[in-house]
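Visitor: Sequence plus predicted model, see below.
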Amino acid sequence: MKKQVFILAGQSNMSGRGGVHWSHGRYRWDGVVPEECAPCPSILRLSHDLNWEEARDPLHIDVESKSKTCGVGPGMSFSNRLLKEMDCDSPTLIGLVPCAVGGTAIEKWKKGSKLYNEMVQRAKAAEEIGDGGEIKAVLWYQGESDTDSDHAAEIYGDNLKKFIEDVRSDLGLPYLPFIQVALASGTQRNIEKVRKAQLGLNLPNLVCVDAMGLPLNPDHLHLTTQAQVKLGQMLAVAYCT
């Protein structure tokens with residue numbers, strides 16, 4: 001059965017830090033998976049070595065480096081809510097392609113970079129592996145790292161626009177939907193500059209979901225597990241509207 005494919009890209013709040021806390025000298029995930037994020041046979045993920053398998057949190061466990069600790073992200077909540085929103089008469093398979101890496105400024109995602117090339121390669125592989133798939137949208141949550149620099153914050157909008165145009169061009173999908181997330185956290189000096197760029201970008205088939213106000217972990221940077229559940233549902237509703 002052909003899959004409906006969604007690319008998950010950006011930095012740590014997309015890869016997921018819900019339930020990740022500092023304990024005994026290192027970050028650990030508490031292992032709590034809410035009902036809204038439960039595995040489902042209709043939801044698959046593309047592993048790091050390009051195999052389709054049943055999706056479950058942490059979705060990015062083999063995509064980020066071993067120095068990163070992954071927890072709950074928005075992907076599973078998005079997928080479970082999407083299945084309900086679609087209310088299909090025939091069986092539907094959702095294919096998630098995890099590509100996010102924590103701590104990455106948008107400069108690290110420019111065309112030709114390692115992260116960009118890997119994302120495009122994984123997206124193309126998702127169309128071909130197994131029974132194939134159709135890329136439906138990119139879910140993008142990134143920008144916290146760009147609030148650390150005055151210059152990066154000032155040019156964030158231009159960089160984001162170029163990134164979206166390049167991805168659409170390289171995937172041969174000029175109107176590929178992008179659902180981006182406006183920041184919930186970041187360096188106070190520049191967060192509003194980046195949020196303004198995110199909320200103000202005007203491109204076809206681009207929707208912005210605002211995460212501001214969603215609960216954060218004690219680090220005041222990463223979304224809590226329940227916040228990730230809510231965000232995933234918001235992304236699903238945005239995609240369906």
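Guide: Ah, there it is.
Visitor: Which residue ranges of this structure form strands?
Guide: 3-10, 20-23, 26-29, 43-46, 52-54, 93-98, 133-141, 178-182, 206-210 (DSSP state E).
Visitor: could you dump those to a markdown table with distance to T147, mean pLDDT and mean neighbour count?
Guide: Any C-beta I mention is one placed from the backbone N, CA and C, and that applies to glycine too. Supplementary listing: the strands of the chain in a markdown table, determined by distance: least, C-beta to C-beta, whole Å; pLDDT from 0 to 100; neighbours: other C-beta atoms under 10 Å:
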| stretch | distance to T147 | mean pLDDT | mean neighbour count |
| --- | --- | --- | --- |
| strand 3-10 | 14 | 97 | 25 |
| strand 20-23 | 21 | 91 | 15 |
| strand 26-29 | 21 | 92 | 14 |
| strand 43-46 | 29 | 97 | 26 |
| strand 52-54 | 35 | 97 | 13 |
| strand 93-98 | 24 | 97 | 25 |
| strand 133-141 | 14 | 97 | 23 |
| strand 178-182 | 12 | 98 | 22 |
| strand 206-210 | 16 | 98 | 17 |
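Visitor: Just send those back as a markdown table, with distance to S79 too.
Guide: Output for those, formatted as a markdown table (distance: least, C-beta to C-beta, whole Å):
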| stretch | distance to S79 |
| --- | --- |
| strand 3-10 | 8 |
| strand 20-23 | 21 |
| strand 26-29 | 19 |
| strand 43-46 | 4 |
| strand 52-54 | 11 |
| strand 93-98 | 5 |
| strand 133-141 | 10 |
| strand 178-182 | 13 |
| strand 206-210 | 16 |
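Visitor: out of those strands, which comes closest to E35?
Guide: Counting by C-beta to C-beta, E35 lies closest to strand 43-46 out of the strands of the chain; the figure is 14.0 Å.
Visitor: What lies in contact with that closest one?
Guide: Strand 43-46 has contacts (C-beta atoms under 8 Å, 6 or more residues apart in numbering) with 3, 52-56, 59, 75-76, 79-80, 83, 93-98, 122, 125-126, 129.
Visitor: centre of the chain versus it, how much separation?
Guide: 14 Å (C-alpha atoms, centre = their mean, to the nearest Å).
Visitor: Relative to it, what are the paired strands and their orientations?
Guide: Strand pairing for strand 43-46, using DSSP bridges, gives strand 52-54 (antiparallel), strand 93-98 (parallel).
Visitor: Tell me where the chain is predicted with low confidence.
Guide: 87-90 (pLDDT under 70).
Visitor: which residues in it form helices?
Guide: With DSSP state H, the ranges of helices along the chain come out as 12-15, 75-86, 114-128, 150-154, 156-170, 191-200, 225-240.
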